[in-house]
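Novice: Have a look at this prediction, sequence included:
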Amino acid sequence: VTNHFEGGDGVSTQAKFDEFWTGVATRYKNDPRVVMYEIFNEPVHSDTGWVTTEADWIAQRDWANRTVAMIRSIDPVRPIGVAGLNWAGELKYVGANPVAGQGIVYIIHPYSFVNGNFGYLTAAYPVFASEIGFDNARTSIYRESRYTGGLRYREALEAYLRAKGIHWTVWHFGTYGPALLTDFANNGTSNYTPTEAGAWFRDKLQQADGIPFGTGPAAAAGSEYDKAFDGNIATFFDYANANGGIAGIDQRSARRIAKLKFYPRSGYAGRMAGGKFQGSATSSTEGYVDLATIKSARDGQWAEIAVTHATPFRYIRYVSPAGSYGNVAEINIIPAP
Ligand SMILES: [Ca+2]
């Protein structure tokens, strides 16, 4: 539950705000479907020229303390999301001035930026990105080109969020920017065609999670087999031996696989030609059948192979070709919906 507060009749008051959260907390305090209360979407101090100072955050923090205490008097346990100022754009003063009470989750909306102004906080508190997204079809803050940190925004963000243990939800399921769809109708008459961002995040939401397995030792620390599944295209599996390198995922349960996506180690795309993806329902070491063979891979690009095998598999592995040292930067396994 998040409050995009506009007051209904266009007039926002503290009394209406308090009435909203008192009512929501009373109604949902025992409802397991509600994960969190996010008290206020994208707060901003417009009276300070859109620049946030530590004093601004302390004022916001004091207001949040009051809101948290009000909700806690009704619901003592539900996590409460508190967003940073500048449209949930930074949390840099929170560490020194945290909100009082237990179960506080700090909210960030990292559109076109990835930085330590929010990531540092995970050392002490939970942080949740309640909006992420991009939209390259518009000239706006949502364009990926606004991010200049080396990788594309989408990949830099994924690597950073995963490294920091920050979970996320993606905005916006519709045609409003940053759009996930090119057509949307509430009455079910549209095709819900995904945009570029929509297809990207759809795959990310469907992507198999699991326990990595593979061959070792690595050629160097930091290039173990699990680096093929860490959500970071800059890290890669590099086996100590030229032949026989394997990197796989135990999905914990068998699922039919719809497609496989992979990204080569930078500068070594040729080492993936002839590599195979295999699936097994038996164990991580036996019972494998071939799902796909890689003909070629291109440097700096994702490649995608559709899988038509109807059998569900629990274990999926990449079997690298001879002479390749197992090299692969990233493997995404996409089960059928
Ligand atoms: Ca990686």
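Specialist: All right, it came through fine. What you see is a predicted model, and the numbers here were worked out from it, not measured in a lab.
Novice: Residue 165: what's its closest spatial neighbour, skipping adjacent residues?
Specialist: In space, and not counting its chain neighbours, residue 165 is closest to residue 122: 5.9 Å by Cβ to Cβ, 6 or more residues apart in numbering. (C-beta placed from N, C-alpha, C; glycine too.)
Novice: Regarding the one you found, what is its secondary structure?
Specialist: Secondary structure state of residue 122, per DSSP: H, G, I helix; E, B strand; the rest coil, is helix.
Novice: What number of neighbouring residues does it come out with?
Specialist: By other Cβ atoms under 10 Å, 16 other residues sit near residue 122.
Novice: That one against residue 164, yeah?
Specialist: Yes - the criterion here is Cβ atoms under 8 Å, and residue 122 meets it with residue 164 at 4.5 Å.
Novice: Now the element after the helix or strand where residue 17 lies, going C-ward?
Specialist: Assigned by DSSP states H and E, residue 17 belongs to helix 14-28. Downstream of helix 14-28, the first helix or strand assigned by DSSP H and E is strand 37-38.
Novice: What are the contacting residues of that following strand?
Specialist: For strand 37-38, the surrounding residues in contact (Cβ atoms under 8 Å, 6 or more residues apart in numbering) are 1-3, 21, 24-25, 71, 75, 78-83, 107, 130.
Novice: just for the stretch 51-200 of the chain, where's the confidence low?
Specialist: The model of the stretch 51-200 of the chain has no residue with pLDDT under 70.
Novice: which stretches of this structure form strands?
Specialist: 37-38, 80-83, 104-107, 127-132, 167-170, 211-214, 246-255, 257-263, 276-280, 289-293, 303-306, 313-319, 330-335 (DSSP state E).
Novice: which of the ones you listed is buried the deepest?
Specialist: Ranked by mean neighbour count, these are led by strand 80-83 with a mean of 25 (mean count of other Cβ atoms under 10 Å).
Novice: Direction included, what does that strand pair against?
Specialist: Its sheet considered, strand 80-83 pairs with strand 37-38 (parallel), strand 104-107 (parallel) by DSSP bridges.
Novice: residues in contact with the last one?
Specialist: Contacts made with strand 104-107 from outside it, assessed by Cβ under 8 Å, 6+ apart, are listed as 36, 38, 68, 79-84, 88, 91, 94, 98, 118, 121, 125-130.
Novice: swap the cut-off to 6 Å and go again
Specialist: 38, 79-83, 88, 91, 94, 121, 125-128, 130 (Cβ atoms under 6 Å, 6 or more residues apart in numbering).
Novice: nearest to residue 312, of those residues?
Specialist: Nearest to residue 312 among the contacts of strand 104-107 is residue 128, at 32.1 Å by Cβ to Cβ.
Novice: Show the contacting residues for the closest residue to the ion within the stretch 151-300 of the chain.
Specialist: The minimum distance from the stretch 151-300 of the chain to the ion, using Cβ to the ion, falls at residue 235 (3.8 Å). Taking Cβ under 6 Å, 6+ apart, we find residue 235 in contact with residue 227.
Novice: Could I get the full set of helices for the chain?
Specialist: 14-28, 54-72, 85-88, 116-119, 153-164, 196-206 (DSSP state H).
Novice: Need those helices in a markdown table (columns: mean neighbour count).
Specialist: Output for the helices of the chain, formatted as a markdown table (neighbours: other Cβ atoms under 10 Å):
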| stretch | mean neighbour count |
| --- | --- |
| helix 14-28 | 15 |
| helix 54-72 | 17 |
| helix 85-88 | 22 |
| helix 116-119 | 18 |
| helix 153-164 | 20 |
| helix 196-206 | 17 |
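Novice: of all those helices, which lies closest to residue 300?
Specialist: Comparing the helices of the chain by Cβ to Cβ, helix 153-164 comes nearest, at 10.9 Å.
Novice: check whether that closest one contacts the ion.
Specialist: No - Helix 153-164 lies out of reach of the ion by Cβ under 5 Å from the ion, never closer than 7.9 Å.
Novice: Identify the residues contacting that helix?
Specialist: 112, 114, 119, 122, 134, 144, 147, 149, 231, 232, 233.
Novice: That one versus helix 196-206: what angle between them?
Specialist: 30 degrees (axes from the mean of the first three to the mean of the last three Cα atoms, to 10 degrees).
Novice: Show me how far helix 153-164 is from its chain's centre.
Specialist: 7 Å (Cα atoms, centre = their mean, to the nearest Å).
Novice: what angle sits between that helix and strand 257-263?
Specialist: 100 degrees.
Novice: Just the C-alphas of helix 153-164, formatted as CSV.
Specialist: This file holds the C-alpha atoms of helix 153-164, laid out as CSV (Å, rounded to 0.1, in the frame of the first residue of the first chain):
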residue,chain,number,x,y,z
TYR,A,153,21.7,1.8,-16.8
ARG,A,154,19.6,-1.3,-16.7
GLU,A,155,22.6,-3.6,-16.2
ALA,A,156,24.4,-1.2,-13.8
LEU,A,157,21.2,-1.0,-11.7
GLU,A,158,20.7,-4.7,-11.6
ALA,A,159,24.2,-5.4,-10.6
TYR,A,160,24.1,-2.7,-7.9
LEU,A,161,20.8,-3.7,-6.4
ARG,A,162,21.7,-7.4,-6.3
ALA,A,163,25.1,-6.6,-4.7
LYS,A,164,23.4,-4.5,-2.0
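Novice: change the start of the numbering to 171 and stick with it
Specialist: From this message on, residue numbering opens at 171, which makes the last subject helix 323-334.
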